[in-house]
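Colleague: pasting the structure only:
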């Protein structure tokens, strides 16, 4: 008799289990990123007027972008909270909770009275709901990435876990598509009055679908094998163990996310506000660009993940980060020239080539830095701290840098410096396939 008996309670690694895990991570990621991206778009064109009225448009935009950053500020708390219980109770349970919390918070934003109705209670409640969103999405990435990576076949971890990031692209398509439809169907007064609420309320439909799929997923086989079906072999404080045993990994994750976050948020959030307020271009341009890069990413992300599984995570990552560095100034030159063709070209280069190459390897790469017993906490917290440092406040910092001398050059330098940091850190990091 050959072979060994399966461990009782351990899910058998099969192609079907891997596909279910990948689909569950993918669909849940769509919901969380839909809600999170929607807020970013609305901060640029609605919340600055409806919740933070000011005689100076720049002040209102800064205030709205600050609330965008608040969500990112609380993402590490979500990483710690959901990471702790995800390393003890399992990945699947936490993923059901995160998607439900995110959807409820977004629906509440869609029902929120504005400043004109209830005064300063409006921005206060908006910030509170943004905090809840931040906590939910802070717990989402670690669990979704882990469930997909830990269930994937050997040698295909990047490809099977790429759905976590493809979910971002699909969400971007849905958000920009809905906003473009509303922008064309409603006049500005109707959109600013009630039309902006509809996309937030639509998240209820997405949440119902995601919950149904996630409730039918199996737990990660690696978690059950290493920790136990009910956390019998858990560590008491996973995040502290991860910090103590792998302190360098946190810094590496933070630095390696700079190129990814700068490339995407400059294109999809900052450029939308800058092109409308400073260059007096129509908001439809970057809404359409957001839709385009979202559509392309549905193909480009899994392609680069497939490539990374074959040629190596490091090669794909560094190539993408260098492209982001080199494309920074041309993107801003195209913006300044108001050249629609070149704006589209360099938006695609930054978002679909540079960003997607860097992004395609993050799930298997970052989770490989930690043991299964504290991986949710370690990878999740490191990932979310990076979101605070280089993500949430990037549009705010970029807008503030514009005020230094009224030009985009400080913003371009800031972005290029972040991309260079990612290149240098990745170059000196050992990456295990």
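Modeller: Nice, thanks for sending it over. Just so it is clear, the structure is predicted and the values come from calculations on it, not from any experiment. Numbering: from 1, shown residues only.

Colleague: how many other residues sit next to residue 46?
Modeller: For residue 46, the count of nearby residues is 19 (other CB atoms under 10 Å). For the C-beta atoms, the positions are set from N, CA and C on the backbone; glycine is no exception.

Colleague: Isn't it up against residue 192?
Modeller: Yes: the pair residue 46 and residue 192 qualifies as a contact (CB atoms under 8 Å) at a distance of 6.5 Å.

Colleague: So which elements touch the particular helix or strand that has residue 315 in it?
Modeller: With elements taken from DSSP states H and E, the one containing residue 315 is helix 313-337. In terms of contacts (3 or more CB pairs under 8 Å, 6 or more residues apart in numbering; DSSP states H and E), helix 313-337 is packed against helix 258-265, helix 271-277, helix 283-311, helix 340-348, helix 355-359, helix 362-367, helix 409-427.

Colleague: Least reliable of those by average pLDDT, please.
Modeller: The minimum mean pLDDT among these belongs to helix 271-277 (a mean of 78).

Colleague: outside of that helix, which residues touch it?
Modeller: 41, 44-45, 57-58, 61, 65, 281-283, 285-287, 289-290, 335, 347, 395, 398-399, 402, 408 (CB atoms under 8 Å, 6 or more residues apart in numbering).

Colleague: Over to stretch 200-208?
Modeller: Contacts of stretch 200-208 with the rest of the structure, by CB under 8 Å, 6+ apart, involve 30-31, 34-35, 38, 99-100, 102-104, 106-107, 109-111, 178.

Colleague: ditto for stretch 184-192
Modeller: If you take CB under 8 Å, 6+ apart as the criterion, stretch 184-192 is touched by 46, 49-50, 182-183, 195.

Colleague: ok, the spatially closest residue to residue 123 that is not a sequence neighbour - contacts?
Modeller: What sits nearest to residue 123 in space, not counting adjacent residues and going by CB to CB, 6 or more residues apart in numbering, is residue 51, at 4.7 Å. With contact taken as CB under 8 Å, 6+ apart, residue 51 is in contact with 64, 67, 114-115, 122-123, 126.

Colleague: rewinding a little: the helix holding residue 315 vs helix 283-311, what angle?
Modeller: Taking axes from the mean of the first three to the mean of the last three CA atoms, to 10 degrees, one finds that helix 313-337 is oriented at 160 degrees with respect to helix 283-311.

Colleague: hmm, back to that, so which of the helices and strands packed on helix 313-337 is nearest residue 218?
Modeller: Comparing the helices and strands packed on helix 313-337 by their distance to residue 218 (CB to CB), the top pick is helix 362-367, with 18.3 Å.

Colleague: okay, the angle between the next helix-or-strand element following the closest one and helix 258-265?
Modeller: Counting by DSSP H and E, the next helix or strand C-terminal to helix 362-367 is helix 375-386. Note on geometry: by the same axes, to 10 degrees, helix 375-386 and helix 258-265 are set 60 degrees apart in direction.

Colleague: ok, residues contacting helix 375-386?
Modeller: By CB under 8 Å, 6+ apart, helix 375-386 touches 75-76, 78-80, 82-84, 86-87, 91, 94, 138-139, 141-143, 145-146, 238-239, 241-243, 246, 249-250, 253-258, 261, 362, 366-367, 369-370.

Colleague: what angle sits between the helix or strand just after that helix and helix 258-265?
Modeller: The first helix or strand that comes after helix 375-386 along the chain, using DSSP H and E, is helix 394-405. With the same axes, to 10 degrees defining the directions, helix 394-405 sits at 80 degrees from helix 258-265.

Colleague: what comes up buried for helix 394-405?
Modeller: In terms of neighbour count (16 or more other CB atoms under 10 Å), helix 394-405 has its buried residues at 394-399, 401-402.

Colleague: Check stretch 341-352 too.
Modeller: In stretch 341-352, the ones that count as buried by 16+ other CB under 10 Å are 343-344, 346-352.

Colleague: Now do the helix holding residue 315, average pLDDT.
Modeller: 93.

Colleague: where are the low-confidence patches of the stretch 151-300 of the chain?
Modeller: Scanning the stretch 151-300 of the chain with the threshold set as pLDDT under 70 gives 226-235.

Colleague: try it again with 80
Modeller: In the predicted model of the stretch 151-300 of the chain, residues 218-238, 265-266, 268-270, 272-273, 276-278, 280, 282-284, 287 satisfy pLDDT under 80.

Colleague: wait, isn't residue 123 in contact with residue 115?
Modeller: Yes: in this structure residue 123 lies within contact range of residue 115 using CB under 8 Å: 6.6 Å.

Colleague: Give me the more crowded residue out of these two.
Modeller: The residue with more neighbours, out of residue 123 and residue 115 and counting by other CB under 10 Å, is residue 123; that gives 21 against 17.

Colleague: Helices along the stretch 1-150 of the chain, start to end?
Modeller: Assignment of helices within the stretch 1-150 of the chain using DSSP state H, counting those that start in this stretch yields the ranges 15-42, 48-50, 57-73, 75-88, 91-110, 115-118, 121-151.

Colleague: how big is the angle separating the fifth one from helix 375-386?
Modeller: Just to be clear, that refers to helix 91-110. Calculated by the same axes, to 10 degrees, helix 91-110 forms an angle of 30 degrees with helix 375-386.

Colleague: do the fourth one as well
Modeller: Our comparison of helix 75-88 with helix 375-386, counting by the same axes, to 10 degrees, yields an angle of 170 degrees.
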